[in-house]
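Asker: 3D model of this:
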Amino acid sequence: MINLNIIDLVVLVLYIIFIVWWGLKNSKSSDSDAYFLAGRDLKWPMVGLSLFAASISSSTLMGNSGEGFINGIAVFNYNWISILVMVFFAIFFLPFYIKSGIFTMPEFLERRFDVRSRTYFSFITIVGNIFLDAAATLYAGALIINMIFPGADMMLIIIGMAIVAGSYTIIGGLSSVINTEVIQAFILIIGSTLLAFFAMHSIGGWDAFYTQFQDGVWLKLTRPMNDPTVPWLGMWVGIPILGFYFWGNNQVMVQRVLSAKSIDHGRKGVLLVGFLYLFTLFIFIFPGVIARGINLFGVENLPHEIISGSELKSKYGINTDQVYPRLINKVLPVGLIGIILSAMISALTSALSATLNSVSTLFTMDFYSKFDKNAASEKKVKVGKITAVVTLIIAILWAPYIGKFDSLIAYYQEILSYLAPPVVGTFFMGLFWKRSNAIGAFSGLMSGLFIAVIIMLAKYILGFEIGLHFLLLAPIILVLSLLVNFTVSLSTAPPPEEKVKENTWTKAIWIEETVALKNVVWYKNFRIQALLLILACFGMYAVFF
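Answerer: Down below sits the predicted model:
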């Protein structure tokens, strides 16, 4: 239970009121461009901060600290590999997305291939946004509120949070979402930094922390092949696939990039997120590791060696999704708990509002616009609002079932590792191989889906033990779907020239950008910024190798 002082409660209530008011104040819903893409005029700081806030949900905060408690800093591998993915995405894919003027990621697939690929990807993205993103966010938020008010009904909490996040999102569209996310990003960073500072102080400072956890692999990023979180091979061949799907294909994230006023602002916004992500090790994951050393759950003789989350739950009654809120209660002084809870509510509302806006955009632009081809812009906005309401209702109904998984992070990443590879492969083939055609792309997607369904049926329905970590299954699914795409494309007619010309990368594009950057001062050159980010990324990996 989290014991709230009246000051903490006032801070929390005032923050919720403010964020709803701020979102409504900055709403834009006059037309589809304004409602779904905030008018496409955002500068890079807003793009970057909104991306950061949208990517950090309550389930991220609780999942990262929970994984830190279970397995040390291994979960940070997802973040630092994703930073490299962000750089790749910003250099190669982002310019095509912005120049094309698309509203959704599936729309790009139609421009490069055909409507079948667009429809399939849009459908699974909507399903993933509802069941993997929105529902998980509501469940994580409900756990937090339930620790503040233990007697409250979980379903009523979930409904209340949905109403708060949906109030400004449904009315104001992406402009409301992004303007609130900028505020929420600052609250997240400040609040999480404060918690990390007090947690480190509670264990005796850095020296005491390092002494307690230097043995074994607690502070090591490179793990053995039998590691349950990130086997070393999975780090290099599995995480990049999930990372690219999240940052390069996921409508929730890329929609913010599409709202940038130019390619340069979009790129610098993505790089800003990369620099911010370097610090997530210290403010999100370290507190979870520290929690292992301060007897957070009152369990004596908890083994120092790494054991699974399911074993912690069955043997010791420890639910690792409660690490973060329990840590708040244990290490923070009166007056600061309200700020940290505001950070967690920020994570909840920003992630949920981002997902709602994403689903409404996908359904309206990829499905309804096909049904009503002459729909006015105002009608599309109305359909988008109705879609967001329906999405909320479905997420509310599914959220309670998420507690059956060992941890929130495991739930999200494992399911994603089966569904993402065929999509990632299709985008890569589309951008970098001119011969890939519509039949090959759709065949690759369907074959990948078939393999993913077989794996999930075998594992979750039949109880069959696969024997491979999901990070090692992801590249296998990717390669098989690529082979199908390659074989079918070569066996059928080449794609039309108009499909290829504007939607594939060529060396000439790199040369043109090189010439254009010659007169740009070095610290404003996105390539220099990207290089500095890569160096910082590998520098951090070297420290915690």
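
Asker: low pLDDT regions in the chain?
Answerer: Low-confidence segments of the chain, defined by pLDDT under 70: 1-4, 29-31, 33, 37-39, 58-59, 148, 403-413.

Asker: Just after the biggest helix by length in it, pick out the following helix or strand.
Answerer: Secondary structure of the chain per DSSP state H: the longest helix is helix 154-202. Reading on from helix 154-202 to the C-terminus, the next helix or strand found by DSSP states H and E is helix 206-213.

Asker: and that following helix, what other elements does it pack with?
Answerer: Under the contact criterion of 3 or more Cβ pairs under 8 Å, 6 or more residues apart in numbering; DSSP states H and E, helix 206-213 touches helix 286-292. For the C-beta atoms, the positions are set from N, CA and C on the backbone; glycine is no exception.

Asker: Can you tell me which helices and strands the helix it packs on packs against?
Answerer: With contacts defined as 3+ Cβ pairs under 8 Å, 6+ apart, the packing partners of helix 286-292 are helix 58-71, helix 154-202, helix 206-213, helix 323-331.

Asker: just to revisit the earlier point, orientation of the longest helix of the chain relative to helix 323-331 in degrees?
Answerer: If you take axes from the mean of the first three to the mean of the last three Cα atoms, to 10 degrees, helix 154-202 sits at 60 degrees to helix 323-331.

Asker: for helix 154-202, the distance to its chain's centre please.
Answerer: Relative to the mean C-alpha coordinate of its chain, helix 154-202 is positioned 15 Å out (Cα atoms, centre = their mean, to the nearest Å).

Asker: quick revisit: out of the helices and strands packed on helix 286-292, which is closest to Phe464?
Answerer: Taking Cβ to Cβ as the criterion, Phe464 comes closest to helix 58-71 out of the helices and strands packed on helix 286-292, the separation being 24.6 Å.

Asker: My guess is Ser50 contacts Glu181. True?
Answerer: Yes: here Ser50 reaches Glu181: they are 4.0 Å apart, a contact under Cβ atoms under 8 Å.

Asker: And the helices in the stretch 1-150 of the chain?
Answerer: 6-25, 32-37, 44-55, 58-71, 76-88, 94-100, 105-112, 115-128, 135-148 (DSSP state H, counting those that start in this stretch).

Asker: Assumed Leu219 was part of a helix.
Answerer: No: Leu219 sits outside any helix when classified using DSSP: H, G, I helix; E, B strand; the rest coil, being coil.

Asker: Do I have it right that it meets Tyr210?
Answerer: Yes: with the criterion set as Cβ under 8 Å, Leu219 and Tyr210 qualify as a contacting pair; they are 7.3 Å apart.

Asker: between these two, which one's more packed in?
Answerer: Taking other Cβ atoms under 10 Å, Leu219 and Tyr210 do not tie; Leu219 has more neighbours (17 against 11).

Asker: roughly how far apart are the more buried one and Gly72?
Answerer: Using Cβ to Cβ, to the nearest Å, we find Leu219 at a distance of 6 Å from Gly72.

Asker: tell me, what's touching these two both at once?
Answerer: In terms of Cβ atoms under 8 Å, 6 or more residues apart in numbering, Leu219 and Gly72 are both contacted by the residues Phe213, Val289.

Asker: what's around Ala140, how many residues?
Answerer: Using other Cβ under 10 Å, Ala140 is surrounded by 27 other residues.

Asker: That one and Phe363: what is the separation?
Answerer: Using Cβ to Cβ, which is the criterion applied here, Ala140 is 24 Å from Phe363.

Asker: hey, which of the helices of the stretch 1-150 of the chain is tucked in deepest?
Answerer: Mean neighbour counts were taken over those using mean count of other Cβ atoms under 10 Å, and the top value, a mean of 28, falls to helix 58-71.

Asker: Can you give me the buried ones in the host helix or strand of Tyr541?
Answerer: Assigned by DSSP H and E, Tyr541 belongs to helix 526-543. Along helix 526-543, these residues count as buried under the neighbour rule (16 or more other Cβ atoms under 10 Å): Phe526, Arg527, Gln529, Ala530, Leu533, Cys537, Met540, Tyr541.

Asker: try stretch 427-445
Answerer: Buried positions in stretch 427-445, judged by neighbour count with 16+ other Cβ under 10 Å: 427-431, 433-434, 436-445.

Asker: Cool, thanks, talk later.
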